[in-house]
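[1] 3D, please:
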Amino acid sequence: MDPVIDDTRRIIATLANLFRREKLAAEFQVLSQGTCSIEVSGYDNWDGGTTIYGIYCRVPLELYSNIELEIKGIEQSIKNKAETLFRSYSQSWIDEVIVSPELTEDIQGKAYRTTHEDLLNNLELQKNLMVSVSTGGARIQSVNTEYQARYSEIAEGLRERNLDNPNPFADLWQWYGKWSDGSLPTYQSRREYLGKMFDPLIETVKGMKSQIIDPVFDDPTGWVRVDRSMGEIKLRLAQATTEEQYQGVGLLARETLISVVQAVYDPELHPSKEDISPSKTDAKRMIGAYISAMIPGKSNENIRRHARASLGLANDLTHRRTADFRLAALCAEATNAVVNVLSVISGRRDRD
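    Predicted structure coming up:
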């Protein structure tokens, strides 16, 4: 039994929590989002024998791209912190920390035979046609060939995206057999059945569409932690399919708001009009004080109102206990708006 290897999970979790308490986001993200292991990397016979270990973390590709220029510093920071923990293990020594990107099976941004837009359109047409034939609309004899051709196109589009096809009916006569067996006796029950079958998949494909972004500002803000968080928000929004994953977008948005206001707020330069001094995580009060100090005057009230409204929306959405794609997307957009408003006010968007 190797006590260090046995304690791998607890060591990684403790390191992550220590970095979180110190608000070192990059190290925390590597340890919390990455797949981390501790392995024996060598052995030294000196002084009765010392086992040498390495910590190896594979992180999501998007995160790795955001921190690539800082990797060496992050690895050294994690190593330094780990040395403190390794003191409690006799004759053990941490030699290296290696952070690398996760291996992927698919090429991101590849050209699909069926575009996201065409797939989404086909799914909605197929759903509407199935509703029509089962609620007194189109006759199966007239539209079955169209349905079958579209079924094949949808199947191909889903297959190349590694998505399951929830529709088991390869032709409309099979669908007729389902609704006429007595289990779906009313038009409403058939519409509900098709909604449950198609709507989650349609939302997933819409989420894929959200990866195509055409922002006002193409360049990052230059606030490393903020840019890294916004990149992670976009990635998680594109990949999310469950309520918990959509809630994760909101939690990350909350941390991003705190990071961006900490990048601009100075209590000496931006005093709060209230008697309460904002805490380090009170984004609302800090942003309010910052905006009031930077763009004072009645003529700028609309700008201040817009910034506060964006912050209010982002804050509201991050605290929603129920979450779906639309709420998560709205939260991401509101957070992005706050980031860009503050980057403009701070002068980071000024032209050279």
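[2] contacts, neighbours, all on C-alpha from now
    Fine.
[3] remind me which residues of the stretch 251-352 of the chain are low pLDDT?
    Confidence mapping of the stretch 251-352 of the chain against pLDDT under 70 gives the ranges 274-275, 307, 310-311, 314-321, 351-352.
[4] I misspoke; the intended subject was the stretch 51-200 of the chain.
    Looking along the stretch 51-200 of the chain with the criterion set at pLDDT under 70, you get 105-112.
[5] try it again with 90
    60-73, 87-88, 90-93, 95, 101-118, 120, 156-164 (pLDDT under 90).
[6] what segments of it are helices?
    Counting by DSSP state H, counting those that start in this stretch, the stretch 51-200 of the chain has helices at residues 61-67, 71-86, 116-134, 140-159, 172-179, 187-209.
[7] out of these, nearest to residue 252?
    Minimum separation from residue 252 across those (C-alpha to C-alpha) falls at helix 61-67, 13.3 Å.
[8] for the closest one, name the packing helices and strands.
    strand 92-101, helix 224-239 (3 or more C-alpha pairs under 8 Å, 6 or more residues apart in numbering; DSSP states H and E).
[9] got the contact list for that helix?
    Contact with helix 61-67 is made by 26, 100-102, 227-228, 231-232, 235, as judged by C-alpha atoms under 8 Å, 6 or more residues apart in numbering.
[10] chain center to that helix, what's the gap?
    On the basis of C-alpha atoms, centre = their mean, to the nearest Å, the separation between the geometric centre of helix 61-67 and that of its chain is 13 Å.
[11] ok, stretch 185-192 next?
    36 Å.
[12] same check on stretch 153-162?
    Per C-alpha atoms, centre = their mean, the centroid offset for stretch 153-162 relative to its chain is 24 Å.
[13] repeat for stretch 340-350
    With C-alpha atoms, centre = their mean, you get 24 Å for stretch 340-350.
[14] buried ones in it, by neighbour count?
    340-343, 345, 349 (16 or more other C-alpha atoms under 10 Å).
[15] ok, residues contacting that stretch?
    Contacts of stretch 340-350 (C-alpha under 8 Å, 6+ apart): 221-222, 260, 264, 291, 294-295, 307.
[16] just the CA atoms of it, as CSV, please.
    Presented in CSV, the C-alpha positions along stretch 340-350 are these (Å, rounded to 0.1, in the frame of the first residue of the first chain):
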residue,chain,number,x,y,z
ASN,A,340,-17.8,44.7,-22.0
VAL,A,341,-19.4,47.8,-20.3
LEU,A,342,-16.7,47.8,-17.7
SER,A,343,-13.9,47.3,-20.2
VAL,A,344,-15.2,50.2,-22.3
ILE,A,345,-15.5,52.5,-19.2
SER,A,346,-12.0,51.5,-18.0
GLY,A,347,-10.5,52.5,-21.3
ARG,A,348,-9.4,49.0,-22.3
ARG,A,349,-11.4,49.3,-25.6
ASP,A,350,-10.0,52.7,-26.5
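[17] begin at 2 from now on, thanks
    I'll keep to 2 as the first residue from here, and by that count the last item is stretch 341-351.
[18] identify the residues contacting residue 270.
    residue 294.
[19] let's test this: what are the backbone torsions at it?
    Per-residue torsions, residue 270: phi -90, psi -20 (degrees, to the nearest 10).
[20] for the contacts of helix 62-68, which one is nearest residue 201?
    residue 236 (18.9 Å).
[21] how many residues are close by the closest one?
    18 (other C-alpha atoms under 10 Å).
[22] excluding residues flanking it in the chain, which one is nearest it?
    Leaving aside its chain neighbours, residue 236 sits nearest to residue 63 (7.2 Å; criterion: C-alpha to C-alpha, 6 or more residues apart in numbering).
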